[in-house]
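> Sequence first, predicted model second:
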Amino acid sequence: MTPTELVAELARYLDADAPELSLSPEAFTSPELWRWEQERVFARSWLLAAHAGELAAPGASVTLAPVGRPFTVFRADDGTLRARSALGPHRPDPAVEEWRGFVFVNPDPDAEPLAPHLRRTGEELDAYRLTEMVPVAGWTEEWRCNWKIAVQNAHENYHAMGLHPTTVALITPPGGAMEVRTESRWVTRLLSPFREPLPATALPLSAEQRATMYNCAVFPCGSLAAFGDSVIWITMIPLAIDRIEVRGGVLMHPAALEGQDRDALREQNEESAAVVNREDQLGMEAVQRVVGSRFAGRGHLSPKEPGVTAFYRSLARALVTP
Ligand SMILES: [Fe+2]
């Protein structure tokens, strides 16, 4: 398929009678589509880069290399967060926006602000007191798959049955109906029921909040999800067409940390995340091998995967916008 045909296939997801099919395998391997994505998605979208808690001290920095165009986001001496292209001083500085502790970077210095798109998320997550939350654990990994394989996977819980039978599936049942809320081209909220309501001792959560995993996906590759007293954020930065850097962390409210052994808590959270991430990594790398096979075809999307269609729509909008 030509890239034009692949984009036309994607644009079909914007129609009312969108196909309940996954993307063509070539969409994950086409070098031409990858070039379109570099220009039309990653050169002008807000990428979740870090949590401000990692960048608290002046001089603290994080370097990311989306699509081979590295930038560093850092805390300047005057206390502000800034980003700088690592490709040289002649490149314009990317835009930086902090929203409730989450640091987003957009390579387009003239990008429209992200915050208005997160207004509803902010209202819906008010009880979580995100601005007060602090990092308790974090990780950086590299997976060998196309970014869309990992991001579409993060838009559904159905895969928990196959990839996480003894971990995630025990908390978030893969058969649970997901509610998808999309009022913004950049932000999609995915609400799924937990098997049992989670305890929330430090936050004034409603019964519904304790019973629901609230996942806010920020297109193209970031998300933050509320789990009772904890919030887990994750970002999947494409390094190459078949390679991503996965960064993430666990946040908690200081009131939930009182009397806790912070080192033990970090170790425990990082160990659990490593197990779940490994399950996803092996699954995603297996899918990558399948899409590279000439026998691969489009698969049917389950009605349990409405989030995947929402992701395809966001991708289609970004790619068809000149
Ligand atoms: Fe997973």
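Good, I have the coordinates. Because the structure is a prediction, the values reported are computed rather than measured.
> Go ahead and confirm A211 touches S192.
No. With contact defined as C-beta atoms under 8 Å, A211 does not reach S192; the gap is 10.1 Å. Every residue, glycine included, has its C-beta placed from N, CA and C.
> quick one, which of the two is more surrounded?
The neighbour comparison of A211 against S192 (other C-beta atoms under 10 Å) goes to S192, with 22 against 15.
> measure the more buried one to A177 for me?
8 Å (C-beta to C-beta, to the nearest Å).
> next one: A225
17 Å.
> And for R185?
24 Å.
> now swap in A274 and tell me
Taking C-beta to C-beta, one finds A274 at 30 Å from A177.
> what's the answer for R12, then?
Distance from R12 to A177, by C-beta to C-beta: 25 Å.
> Correct me if wrong: Q209 contacts A226.
Yes. Using C-beta under 8 Å, Q209 is in contact with A226, at 7.3 Å.
> Of A225 and A177, give the one with the bigger neighbour count.
Each of A225 and A177 has its neighbours counted (other C-beta under 10 Å); A225 has more, 18 against 12.
> Over to that one. Which of the three states is it?
strand (DSSP: H, G, I helix; E, B strand; the rest coil).
> Contact partners for it?
By C-beta atoms under 8 Å, 6 or more residues apart in numbering, A225 lies in contact with 213-216, 231-234.
> in the sheet, who's paired with it?
A225 has these beta-bridge partners by DSSP bridges: N215, I232.
> mind checking the SS state of L205?
coil.
> what ranges do the helices span in the stretch 201-322 of the chain?
207-210, 254-257, 262-291, 306-320 (DSSP state H, counting those that start in this stretch).
> I'd like the average pLDDT over the longest one.
The predicted model assigns helix 262-291 a mean pLDDT of 96.
> Could you pull out the buried residues of it?
265, 269-270, 273, 277, 279-281, 283-284, 287-288, 291 (16 or more other C-beta atoms under 10 Å).
> pLDDT weak spots in the protein?
Where the chain drops to pLDDT under 70, the residues are 304.
> which residue lies farthest from the center of it?
Within the chain, the residue lying farthest from the chain centre (C-alpha atoms, centre = their mean) is G259, at 31.3 Å.
> what separates that residue from G228, distance-wise?
18 Å.
> ditto for V290
35 Å.
> Ok, A16 next?
With the distance defined as C-beta to C-beta, A16 ends up 37 Å from G228.
> Over to L47?
27 Å.
> Looking at those two, which has the bigger crowd around it?
Neighbour count, other C-beta under 10 Å: between L47 and G228, L47 has more, with 25 against 22.
> hey, what's the residue lying closest to that one once chain neighbours are set aside bridged with?
Leaving aside its chain neighbours, L47 sits nearest to V105 (5.4 Å; criterion: C-beta to C-beta, 6 or more residues apart in numbering). Per DSSP bridges, the residues bridged to V105 are L47, V96.
> Now do the helix or strand hosting G162: which elements does it pack against?
Assigned by DSSP states H and E, G162 falls within helix 160-163. Counting contacts by 3 or more C-beta pairs under 8 Å, 6 or more residues apart in numbering; DSSP states H and E, helix 160-163 packs against helix 168-171, helix 262-291.
> what does it rub up against?
168-169, 172-175, 279-280, 282-283.
> Now it: buried residues?
160, 163.
> Repeat that for stretch 15-30.
Per 16+ other C-beta under 10 Å, stretch 15-30 contains these buried residues: 21-30.
> likewise stretch 234-248?
With burial defined by 16+ other C-beta under 10 Å, the residues of stretch 234-248 counted as buried are 234-239, 241-242, 244-248.
> out of these, who's nearest E54?
E54 lies nearest to R247 out of those, by C-beta to C-beta, at 9.5 Å.
> Now do the contacts for the closest one.
Going by C-beta under 8 Å, 6+ apart, R247 touches 50, 64, 138-140, 234-235, 237.
> any idea which of those residues is the one closest to T72?
L64 (8.1 Å).
> Shouldn't T72 be within a helix?
No. Under three-state DSSP, T72 sits outside any helix and is assigned strand.
> Determine the number of other residues adjacent to A76.
11.
> if I look at the most centrally placed residue in the chain, how far off is A264?
Computing the C-alpha centroid of the chain and ranking residues by C-alpha atoms, centre = their mean puts G222 first, at 2.6 Å. Applying C-beta to C-beta, the value for G222 to A264 is 28 Å.
> repeat for A177
In terms of C-beta to C-beta, A177 sits 36 Å off from A264.
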